[in-house]
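Undergrad: I would like to see how this sequence folds:
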Amino acid sequence: MSMLKNAALTGLVVGAVAVVVIFLANPFEGGTPNPTGSFAPVAPLLENPDPAFTVGRGIGAIDAPVVLEVWADFQCPICGQWANNVEPRLYERYVRDGKLRIEHHHYAFLGEESFTSAIGAVCAEKQGKYWAFSSWVFANQHGENEGGFSDERLRIIAAAAGLDLAAYDACITDPANRAEVEADAAAATALGVNSTPTLKIGDWMEPGLPTVDAISAKIDAALGKK
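TA: Take a look at the predicted model:
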C-alpha cells in the first residue's frame, strides 16, 4: 500500500499500525457484490454537497482564501480514508463557509484500475460531475486490481453519481483521456509527489493521513496569514 513507503513520517502522518487498524475498520470498502458481478454501491457521506461549490476537480469557492491540494489514487485505501472521513468534516468546518477549497489531482500508480477509475473521473469532470463521481468511487473501494473498479462497476458508480451514461461510454474510450491521466502523474512526480495521499497548502506539502484536527491547524494557520 502507498503508505508503507512513508511509515516513518512524523507530524501529520499516523503510524503504520494505526493505518492498518483504520484500513481494516473502513466501513466504505466494497459495496454489495451479487452473483451476476454487478453491485449496489455505497453512497458517500458527501453525496449532495452544494453544487455551487463543486467546480472542476475541486469543492469549495473558487476564490476561497485557502486551497488544499490533494494528490490521490482511487485504489489507495488511505486516500479512501481521507476522502470518506476527513474531507466531509473539512467541508462542514471550512468549505461551507467559503474559507477553503479542496482540489484533487490524479496520481494513478497502483495499477490498471487506478487508470480506469481516473479516466472515469476525467469523463465525469467533462460533465461537471467530478466531485460526485470521485466521492462515489472512494466510497466503493474493493481491493487493488481485483475487479473493484472494473468497467462494469465504474459504469454503475457513474450512474449513481448522476452522469449521462451515453456521454460517459463515449468518453472513456477516448485515448486522450488516458493521456491526460498519465500527464497528471508525470506532473506530480516532477513536483516531488511519490505516494498518496499527498497534501499541499501553500509552501507546505507532505504525504500521509492527518487527523482532522492536525490538518485544521494547517488550514487555520494559512487563514491567519490572509
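Undergrad: measure Val55 to Ile219 for me?
TA: Note on Val55: its distance to Ile219, by Cβ to Cβ, to the nearest Å, is 19 Å. For the C-beta atoms, the positions are set from N, CA and C on the backbone; glycine is no exception.
Undergrad: er, Pro175 I mean
TA: 38 Å.
Undergrad: comparing these two, which shows the higher neighbour count?
TA: Using other Cβ atoms under 10 Å as the criterion, Pro175 and Ile219 rank with Ile219 on top: 18 against 8.
Undergrad: identify the residues contacting the more buried one.
TA: If you count contacts by Cβ atoms under 8 Å, 6 or more residues apart in numbering, Ile219 has them with 66, 68, 90, 94, 99-100, 201.
Undergrad: and it, what's its pLDDT?
TA: On pLDDT, Ile219 comes in at 98.
Undergrad: name the element it belongs to?
TA: According to DSSP states H and E, Ile219 maps onto helix 212-224.
Undergrad: after the lengthiest helix in the chain comes which helix or strand?
TA: As far as residue count goes, and with DSSP state H defining each element, the longest helix of the chain is helix 175-191. Downstream of helix 175-191, the first helix or strand assigned by DSSP H and E is strand 198-201.
Undergrad: can you point out the buried residues in that following strand?
TA: Applying a neighbour-count criterion of 16 or more other Cβ atoms under 10 Å, one finds 198-201 buried in strand 198-201.
Undergrad: returning to that earlier point: looking at the contacts of Ile219, which is nearest Ala83?
TA: Comparing the contacts of Ile219 against Ala83 with Cβ to Cβ places Leu90 closest, at 10.7 Å.
Undergrad: contact partners for the closest one?
TA: Going by Cβ under 8 Å, 6+ apart, Leu90 touches 68, 100, 102, 212, 215-216, 219.
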